[in-house]
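> Sequence plus predicted model, see below.
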Amino acid sequence: MQAGLLVVLALLVGTTMAAPRIGVATMQPGEIFWERFGHNALVVVDPASGEATSYNYGFFDPTEPDFASRFIRGEPRYRLAALPFEQDMAIYRDEGRGVDIQWLDLDPDVARELADSLAVNALPENAHYGYDYFLDNCSTRVRDAIDGALGGALRRQMEGRSQGSTYRTEAVRLASPEPAMWLGFDIGLGPSADRPLSRWAEAFVPMRLAAALRETRLPDGRPLVASEQQILPHRLAPEPQTVPARWPRWALAGLLVAAGLAWLGARAPR
C-alpha cells in the first residue's frame, strides 16, 4: 500500500514539474498582398493535457470604431490571440501555405516562464499593441518574447551580425510578385530604409527570424532549436529569394506614365 502511494506521489510530482513544450510556427507567404511577408506564432503544448495553443500576434478588428482612422494615420492596433493550434492552422491549410515548427530546447523554468507570460499577455486587458510594419509586428513580438525569456541572450547573438539587407530590399523582395506593392514600397520608403540591418532588426520578416533561431546557441553551447517539424506543405510559389532588377520595372513605369500623359495631351483642346 505504501509503495503504491509513493508511485502515485511520484507521478503527481512529475506532472507538476513537467514543463510546457515551446515552438515557433513559421507560415510561408500567401498570395494576397497582406500575406506576402509570411507570418509566425508561438506554440505552447500543455504537458498535462497535450493540447497545443497558438499565441498569434496578427489579429485585428476592422469593426472597431476608430479602425479606419488609425489605419489612415499609420497607427493600426493589433492584438495577441490565444487559440487552439488546429484552429489557427485551418486557414493556412485552406490557402495552401506551408507551416513549419521549430521546437525550442528551453530549460524547464524558462519554458514555464515564457508560457505564463504569453498567457498573461493574451488577457483582454493586455492583448492590444500598436502595430508597426517594420518595428513592431507579429514577428518582432515573437522574437522579443523569446529574448525576454532568455534574458537578452537572443538579441546579443543577433544584434552585431548583418547580411547587408535593408528594409527596402526585404520589402521589395517579398512584395515583388505584386508590382503595385513593390513599387509602393520603393517609392514610399525614404533614405533611412537603405541602412544595413542587423540580424535582430531583419527578424521583422518571419522567415528571417526562423533562420536566425536555427543558428542561435544557448549559454551552455547547445542549439536553441532542438528539432524542426513540417506541419503543412507549401503548395504555392516559393518565397522570392532575390531582389528583382529595378531599372526594367522603373523604365516600364516611366513608359506607362509617358503614354498616359501623351494620351491626355492628344485629347485636350488646343
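Yep, it's here. Residues are numbered from 1 along each chain as shown.

> Which residues are in contact with Ala237?
Ala237 makes contact with Pro177, according to CB atoms under 8 Å, 6 or more residues apart in numbering. Using the backbone N, CA and C atoms, a C-beta is placed for each residue, glycine as well.

> 10 Å - rerun?
Contacts here follow CB atoms under 10 Å, 6 or more residues apart in numbering; on that basis Ala237 touches Gln28, Pro29, Glu31, Pro177.

> what do you get for Tyr133?
Applying CB under 10 Å, 6+ apart to Tyr133 gives the contacts Phe37, Gly74, Pro76, Tyr167, Ala171, Phe185, Phe204.

> The third one is in contact with Tyr131, isn't it?
Yes. Pro76 lies in contact with Tyr131 (CB atoms under 10 Å); the separation is 4.6 Å.

> More neighbours: which of these two?
Taking neighbours as other CB atoms under 10 Å, Pro76 and Tyr131 compare with Tyr131 leading, 21 against 16.

> Low-confidence ranges, the stretch 151-270 of the chain, go.
Regions of the stretch 151-270 of the chain meeting the criterion pLDDT under 70 cover residues 243-270.

> where does the stretch 1-150 of the chain dip in pLDDT?
1-17, 67-74.

> And the helices in it, which stretches?
Assigned by DSSP state H, counting those that start in this stretch, the helices in the stretch 1-150 of the chain fall at 2-17, 67-73, 85-95, 108-121, 138-149.

> if we can go back for a sec, buried among the contacts of Ala237? Need that as a selection in ChimeraX.
To isolate the buried members of the contacts of Ala237 in ChimeraX, using 16 or more other CB atoms under 10 Å:
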select :28,29,177
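
> Throw the contacts of Ala237 into a markdown table and include distance to Phe60, thanks.
A markdown table is the format used below for the contacts of Ala237 (distance: CB to CB, whole Å):
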| residue | distance to Phe60 |
| --- | --- |
| Gln28 | 21 |
| Pro29 | 19 |
| Glu31 | 20 |
| Pro177 | 23 |
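
> Out of the contacts of Ala237, list just those in strands.
Using DSSP state E, the subset of these located in strands is empty.

> which one of the contacts of Ala237 is nearest Leu218?
Gln28 (27.1 Å; CB to CB).

> Touching, the closest one and Pro206? I think so.
Yes. Contact criterion CB under 10 Å: Gln28 and Pro206 qualify, at 8.8 Å.

> For those two, list the residues in contact with both.
Common neighbours of Gln28 and Pro206, counting by CB under 10 Å, 6+ apart, are Gly38, His39.

> before we move on, the earlier item: now, of the contacts of Tyr133, which are buried?
Among the contacts of Tyr133, those that count as buried by neighbour count (16+ other CB under 10 Å) are Phe37, Pro76, Tyr167, Ala171, Phe185, Phe204.

> Turn the residues you listed into a markdown table, including distance to Ala226.
A markdown table is the format used below for the buried ones among the contacts of Tyr133 (distance: CB to CB, whole Å):
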| residue | distance to Ala226 |
| --- | --- |
| Phe37 | 27 |
| Pro76 | 35 |
| Tyr167 | 32 |
| Ala171 | 32 |
| Phe185 | 36 |
| Phe204 | 25 |
